[in-house]
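# got a predicted structure here, sequence first:
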Amino acid sequence: MLRDFSQVPQQAKILVVGTLFSQLGIGLVITDLAYYLTSIRLFPATFAGIVFTVEGLTSVLLSLPLGILSDRYGRKGFVVTGNIFVGLSIVMLSLFNSEAVILLAGALAGISEAAFTSSTGALLAQYSTNENRTAIFALAALAGNLAWGAGGFMLYLVQPIEGLGFSPLDSHLVLYLSLAASSFLSTILLLRLHEVKRNGLSRRFGILSSGTRSLLAKYIGANIFVAFGAGMVVPLMSQWFAYKYGVPDSVSGPVLGVSNVLIAAATLAAPATAKKLGIVKSIVVTEAASTIFMFATPLPSTFALSGTIYIVRAFLMNVSSPLSTSLIMGMVPDEERGAASGISATFWRMPNAISTYPGSALMKSGHLNLPFYIASILYIISIVTFYLWFKDSEAKKFF
């Protein structure tokens, strides 16, 4: 299983490690922001949903333009910029109590996400071959999920910091600012990246070839349902656990962190699983199994059981992530990968961002189970659609 990872080149490792610390900060914010804004900063319950929506819509608007620019001018600069903007957004979330500034921080995070999504995958694909592409994307997913999980686990430090005499707010600020600083410092490593110089767009204004447009239309058409369903639930889990079971983020955060750690462990098996089952079947089987656990998450009467079910759901759903990215990046020509990444990100984040607000509104109104049921139905539609459109793909050539 580990033999596949021995083929990962040095430049890919630098990119993965260089973005690790910013991903740690993102993991903390994604895990904790809904609770932090509602219970620590005392903003209205729906404000976290608005912040996530602003972040998502900003990412949607910029992913395609930044993808086209990265195809033309190179991807390294956009990765470095995204890394810096992560730190800036966390600083703003930490030090300001103004709704306008918090929303601006969300927009800045959206710019960062657009810069990352439009360039990181394309840059990793540039460092890869057919033989090691899935391993490279699995390694990136492994590192990212470990970082996100560690960000959740860092909430364990809130109570010890409070024991030193800090208020709950100041304890959170210590964590947030520490991770912002680590994101800034990791930029030094990213400056060591090298890439093939770009000689301008292969097609006027970055318009994709007809084959790539057809491929992306199917890929996006299937994934858009998952994106909408996930947005109603995933970014709001710390808030949902507080509503449903009355637990603070210092308890729910580490549980969400466990889910990311297990997701990271699962990516180790991604290359071998894809070779055995085929990349499309691997995606379909894991996503279908996870949908069962999505439906079951709100049913238990105890936090422990619900949290365990959610961990299994996240584990299964996200095993497919590096496989899906490897599939699409392997099928798209190098000169179109930035634009393709931007388009894919746009049509993922748009429904994902839009659905966060209604998800938070349903939770606030007391319909705590309904977002999970809606998400489960949308997952089923996505899985069936994806299988029908990609079941005949010759996946092995994309390894």
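That came through, no problem. Numbers count the residues shown, from 1 in each chain.

# ok, now how distant is the residue sitting furthest away from the middle of the chain from Ser171?
In the chain, Gly165 marks the outermost C-alpha relative to the chain mean, sitting 34.6 Å out by C-alpha atoms, centre = their mean. The gap separating Gly165 from Ser171 is 10 Å, by C-beta to C-beta, to the nearest Å. For the C-beta atoms, the positions are set from N, CA and C on the backbone; glycine is no exception.

# Ile40 versus the residue farthest from the centre of the chain, what's the distance?
17 Å.

# could you list the low-confidence segments of the stretch 201-350 of the chain?
201-207, 249, 257, 260, 263-264, 266, 269-272, 338 (pLDDT under 70).

# count the neighbours of Ala107 for me.
18 (other C-beta atoms under 10 Å).

# so it sits against Glu55, correct?
Yes: at 6.9 Å, Ala107 and Glu55 qualify as touching, with contact defined as C-beta atoms under 8 Å.

# could you report the separation of the residue farthest from the centre of the chain from Arg313?
39 Å.

# low pLDDT regions in the stretch 51-200 of the chain?
130-131, 152, 196-200.

# need the helices for it, in chain order.
With DSSP state H, counting those that start in this stretch, the ranges of helices along the stretch 51-200 of the chain come out as 76-95, 99-126, 133-153, 158-163, 168-190.

# nearest to Tyr35, of the ones you listed?
When those are compared by C-beta to C-beta, helix 168-190 sits nearest Tyr35, at 9.5 Å.

# can you point out the buried residues in that closest one?
168, 171-173, 175-180, 182-184, 186-187, 189-190 (16 or more other C-beta atoms under 10 Å).

# now stretch 377-388
Applying 16+ other C-beta under 10 Å to stretch 377-388 flags Leu378, Tyr379, Ile380, Ser382, Ile383, Thr385, Phe386, Tyr387 as buried.

# nearest to Thr297 among the residues you listed?
Tyr379 (12.3 Å).

# and the closest one, what element?
helix 370-390 (DSSP states H and E).

# with only the CA atoms kept, save that helix in PDB.
Extracted in PDB, the C-alpha atoms of helix 370-390 (Å, rounded to 0.1, in the frame of the first residue of the first chain):
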ATOM      1  CA  LEU A 370     -34.100  17.800   8.100                       C
ATOM      2  CA  PRO A 371     -30.800  19.100   6.600                       C
ATOM      3  CA  PHE A 372     -29.300  15.600   6.900                       C
ATOM      4  CA  TYR A 373     -32.300  14.000   5.200                       C
ATOM      5  CA  ILE A 374     -32.200  16.500   2.300                       C
ATOM      6  CA  ALA A 375     -28.400  16.000   2.000                       C
ATOM      7  CA  SER A 376     -28.900  12.200   1.800                       C
ATOM      8  CA  ILE A 377     -31.400  12.500  -1.000                       C
ATOM      9  CA  LEU A 378     -29.000  14.800  -3.000                       C
ATOM     10  CA  TYR A 379     -26.100  12.400  -2.400                       C
ATOM     11  CA  ILE A 380     -28.100   9.500  -3.900                       C
ATOM     12  CA  ILE A 381     -28.900  11.600  -7.000                       C
ATOM     13  CA  SER A 382     -25.200  12.500  -7.400                       C
ATOM     14  CA  ILE A 383     -23.900   8.900  -7.000                       C
ATOM     15  CA  VAL A 384     -26.300   7.500  -9.500                       C
ATOM     16  CA  THR A 385     -25.600  10.300 -12.000                       C
ATOM     17  CA  PHE A 386     -21.900   9.900 -11.700                       C
ATOM     18  CA  TYR A 387     -22.000   6.200 -12.200                       C
ATOM     19  CA  LEU A 388     -24.200   6.400 -15.300                       C
ATOM     20  CA  TRP A 389     -21.900   8.900 -16.900                       C
ATOM     21  CA  PHE A 390     -18.500   7.500 -15.900                       C
END
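
# let me see the mean pLDDT of that helix.
Average pLDDT, helix 370-390: 91.

# packing partners for that helix?
helix 210-231, helix 279-296, helix 337-364 (3 or more C-beta pairs under 8 Å, 6 or more residues apart in numbering; DSSP states H and E).

# deepest of the ones you listed, which one?
helix 337-364 (a mean of 24; mean count of other C-beta atoms under 10 Å).

# measure how it sits relative to helix 76-95, angle-wise.
Relative orientation of helix 337-364 and helix 76-95, computed by axes from the mean of the first three to the mean of the last three C-alpha atoms, to 10 degrees: 20 degrees.

# tell me the angle helix 337-364 makes with helix 370-390.
Following the same axes, to 10 degrees, one obtains 150 degrees for the angle between helix 337-364 and helix 370-390.

# I'd like to know which elements helix 337-364 is packed against.
Judged by 3+ C-beta pairs under 8 Å, 6+ apart, helix 337-364 is in contact with helix 47-73, helix 99-126, helix 210-231, helix 237-245, helix 303-331, helix 370-390.

# mind putting those helices into CSV with distance to Ala150?
As requested, the helices and strands packed on helix 337-364 are arranged in CSV below (distance: least, C-beta to C-beta, whole Å):
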stretch, distance to Ala150
helix 47-73, 21
helix 99-126, 18
helix 210-231, 21
helix 237-245, 16
helix 303-331, 15
helix 370-390, 26
